[in-house]
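Colleague: any chance you could fold what I've pasted below:
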Amino acid sequence: MKMTGAQIFVECLKREKVDVIFGIPGGALLPIMDALYGAVEKSQLRFILARHEQGAGHMADGYARATGRVGVCMATSGPGATNLVTALATAHMDSVPIVAFTGQVATTLVGNDAFQEADTTGITRSVTKYNYLVKDVKDLARIIREAFHIASSGRPGPVLVDIPTDVQRDECEFVWPEKVDIRSYKPTYRGHPKQIELAAELINKSERPVLYVGGGAIISNCSDEIKKLAEKAEIPLTFTLMGAGIIPTDHELSLGMLGMHGTYYANHAVQNCDLLIAVGARFDDRVAGNIATFAPHAKIIHIDIDPTSISKNVRVDVPIVGDARGILKELLKNVKNAKHSKWLERINTWRKEGPLEYSKDDKLRPQYVVEKIAEITGGHAIITTEVGQNQMWAVQFGKFLEPRTFISSGGLGTMGYGFPAAIGAQVGQPDKVVFDIAGDGSIQMNIQELATAVKNKIPVKIAILNNSYLGMVRQWQQMFYKRRYSETSLEGNPDFVRVAEAYGATGIKVTKKDEVKSAIKKALEIKGLVVLDFHVEQEENVFPMVPSGKALDEIVRGLA
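Modeller: Numbers count the residues shown, from 1 in each chain. Here you go, the predicted model:
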């Protein structure tokens, strides 16, 4: 039977087993919104109306990271589509599978500066894995099928599908492509056997090995294999921001995060290892510091599904292209049981020399808040973050027992990400406790999504580490610009408790250290959205810290 493009759109989403769409309608989406009306009424699909398109994109992102499934968002043409750009760029940098649908003016008007027209495919080309402008309704089903395949396969990423209004209204026979076969897109999944053999030989010979694990390992679902490799060959493990949760952070072989705000002992271990085994990581500048001095004594094995990431930033001795989980399964067959007692003793010396610490006094310090959230939730909550000091304290002092429980904007560093991502994560994992650890600067960038959470009864908990500054920028101004605090004061912040109440949520203000535990427990007892406003020390800093351009072991330490 013939179907309109809008009906085809809805049918395709059903066949892709999409359960929720985050978005905002508009004139260029009216045919699709009308077709969605019946599916939503019959509970075949859920549509969550965001209050800003960027928020909708981050919700789809948080949903995808928390579940491992493709997140879906929608926006209308022109400003609706351009408002998605930051969310798409965030997902693109962190390899998050999203399919974004945008409305577009009729094909006869494309390029004529019509009302609410923008070159959406041109604008988003550099921040998506792939994008489409649908010109014929007969191509729509195939394109949607391909979009979900591309987004979720190989190195995942966001795909955008731009659908003109006349394509939404036009009719054709519905044909669902059961298989996707794109001649120019054939990701490599199986690692080369010879390279795996070479990697095993290096591991078996090494005396000071370190596992360096990134977000790609989370995406590959290879937590068990990583843990088995670490334990079998007694290899200490450090992770990137995106790799938090790959093994429990309290595991005896875990070194915590490495890099600019990584642990003293993780950074020293990397700088002194003789073998670095990188899994699903890309050696970015925040991790590697000065590339010329990075891991100077080490041979490097690099496992990644994206061949363009290998040897992009650092020289690699054994590259292995493919899916990390499959490669690690093969690697484990060839790696021998080993002990590295002397190496672990040396690392334990660094642990004692430079532990993660902060001043333990009566002042309300942000690290204490993060520790208490971890303690009270038992490390089982999903933690999302905004960007800046709050983000670093969350990964340093939080507790993550399993993958997909730490969700943060790594590559792009997007302020305003954490709260809408928390909404998406909560929708995807309704039985989990979800906390957004936020700064008072970041939370205001998408604070309008309080309305989305309240209306949809999404019980996210927001912990604002309120220091009345754009904290990380202020820290750099303090350390490197002689305390010239140029436009980083947030004097004039709103009363976040009253803001929460205005939206119909619960607000709790905390100004004393001895109020922290009871406030967190109270928030967890409340079924709905809660905003916890912690008034923390204003000039607290994130330590340790490797200044920009320095080697990983040139670490600024000291109590915050």
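
Colleague: all strands of the stretch 51-200 of the chain, in order?
Modeller: 71-75, 98-104, 130-133, 158-164, 171-173 (DSSP state E, counting those that start in this stretch).

Colleague: out of those strands, the one nearest Thr188 is which?
Modeller: strand 130-133 (17.5 Å; Cβ to Cβ). No exception for glycine: its C-beta is placed from N, CA and C like everyone else's.

Colleague: so what's the spatially most central residue of the chain closest to, chain neighbours aside?
Modeller: The centroid of the chain falls nearest to Ser408 when counting by Cα atoms, centre = their mean (4.1 Å). Spatially, and ignoring its direct neighbours in sequence, Ser408 is nearest to Thr385 (4.4 Å; Cβ to Cβ, 6 or more residues apart in numbering).

Colleague: and that neighbour, what are its bridge partners?
Modeller: Ile437 (DSSP bridges).

Colleague: roughly how far does it sit from Ile526?
Modeller: Distance, Thr385 to Ile526, using Cβ to Cβ, to the nearest Å: 22 Å.

Colleague: again, but for Leu88
Modeller: 34 Å.

Colleague: lowest-scoring secondary structure element of this structure by mean pLDDT?
Modeller: helix 285-288 (a mean of 88; mean pLDDT, DSSP states H and E).

Colleague: can you name the next helix or strand after that one?
Modeller: Remark: after helix 285-288, the chain's next helix or strand is strand 299-304, criterion DSSP states H and E.

Colleague: that next one packs against which elements?
Modeller: helix 193-205, strand 275-279, strand 318-321, helix 324-334 (3 or more Cβ pairs under 8 Å, 6 or more residues apart in numbering; DSSP states H and E).

Colleague: which one of these is the most hemmed in?
Modeller: Counting by mean count of other Cβ atoms under 10 Å, strand 275-279 has the highest mean neighbour count of these, with a mean of 27.

Colleague: distance between it and the chain's centre?
Modeller: 22 Å (Cα atoms, centre = their mean, to the nearest Å).

Colleague: how about the strands of the stretch 51-200 of the chain in TSV, adding distance to Leu229 and mean pLDDT?
Modeller: Shown next, in TSV, are the strands of the stretch 51-200 of the chain (distance: least, Cβ to Cβ, whole Å; pLDDT from 0 to 100):
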stretch	distance to Leu229	mean pLDDT
strand 71-75	30	98
strand 98-104	30	98
strand 130-133	33	98
strand 158-164	31	98
strand 171-173	51	97
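
Colleague: how about a markdown table for those strands, with mean neighbour count added?
Modeller: Formatted as a markdown table, the strands of the stretch 51-200 of the chain follow (neighbours: other Cβ atoms under 10 Å):
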| stretch | mean neighbour count |
| --- | --- |
| strand 71-75 | 31 |
| strand 98-104 | 29 |
| strand 130-133 | 20 |
| strand 158-164 | 27 |
| strand 171-173 | 14 |
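
Colleague: compare the ones you listed and give me the one nearest Arg190.
Modeller: The nearest among these, by Cβ to Cβ, is strand 130-133 at 23.1 Å.

Colleague: so how far is the closest one from its chain's centroid?
Modeller: 23 Å.

Colleague: over to stretch 366-382?
Modeller: Offset of stretch 366-382 from its chain centre (Cα atoms, centre = their mean): 19 Å.

Colleague: so for it, mean pLDDT?
Modeller: Averaging pLDDT along stretch 366-382 gives 97.

Colleague: over to stretch 531-539?
Modeller: 97.

Colleague: so which bits of that stretch are buried?
Modeller: Val531, Leu532, Asp533, Phe534, His535, Val536, Glu537 (16 or more other Cβ atoms under 10 Å).

Colleague: angles on the backbone of the fifth one, please.
Modeller: Dihedral pair for His535: phi -90, psi 90, per degrees, to the nearest 10.

Colleague: now swap in the first one and tell me
Modeller: Listed backbone geometry of Val531 is phi -110, psi 120, with angles given as degrees, to the nearest 10.

Colleague: list the contacts for the closest residue to it other than its chain neighbours?
Modeller: The shortest distance from Val531 to any non-neighbouring residue, by Cβ to Cβ, 6+ apart, is to Ala500 (3.8 Å). Neighbour list for Ala500: Leu450, Thr506, Gly507, Leu529, Val530, Val531 [criterion: Cβ atoms under 8 Å, 6 or more residues apart in numbering].

Colleague: check Thr107 too.
Modeller: Here Thr107 is in contact with Lys135, Pro164, Asp166, Val167 (Cβ under 8 Å, 6+ apart).

Colleague: I'd assumed Asp170 was in contact with the first one.
Modeller: No. Using Cβ atoms under 8 Å as the test, Lys135 is too far from Asp170 to be in contact (10.6 Å).

Colleague: more neighbours, those two?
Modeller: A count of neighbours by other Cβ atoms under 10 Å puts Asp170 above the other of Lys135 and Asp170, at 20 against 16.

Colleague: the more buried one touches Asp139, doesn't it?
Modeller: No. Asp170 is not in contact with Asp139 according to Cβ under 8 Å; the separation is 11.0 Å.

Colleague: tell me the buried residues in stretch 341-357?
Modeller: Those would be Trp343, Leu344, Arg346, Ile347, Trp350, Arg351, Gly354, Leu356, for stretch 341-357 by 16+ other Cβ under 10 Å.

Colleague: between the residues you listed, which is closest to Gln54?
Modeller: Leu356 (32.9 Å).

Colleague: can I take it that the closest one is in a helix?
Modeller: No. Using DSSP: H, G, I helix; E, B strand; the rest coil, the assignment for Leu356 is coil, not a helix.

Colleague: mind listing what the residue nearest to Val287 when sequence neighbours are not counted touches?
Modeller: Nearest residue to Val287, sequence neighbours excluded (Cβ to Cβ, 6+ apart): Gly259, at 4.1 Å. By Cβ under 8 Å, 6+ apart, the residues touching Gly259 are Thr240, Leu241, Asn267, Arg286, Val287, Ala288, Gly289, Val546, Leu552.

Colleague: Val454 too?
Modeller: By Cβ under 8 Å, 6+ apart, the neighbours of Val454 are Tyr503, Gly504, Ala505, Gly528, Leu529.

Colleague: okay, Asn112: pLDDT?
Modeller: pLDDT, Asn112: 89.

Colleague: again with Leu559
Modeller: Model confidence at Leu559 (pLDDT) stands at 66.

Colleague: out of the strands of the stretch 51-200 of the chain, nearest to Leu401?
Modeller: Using Cβ to Cβ, those put strand 71-75 closest to Leu401, at 23.7 Å.

Colleague: direction included, what does that closest one pair against?
Modeller: Checking strand 71-75 against DSSP bridges gives partners strand 20-23 (parallel), strand 98-104 (parallel).
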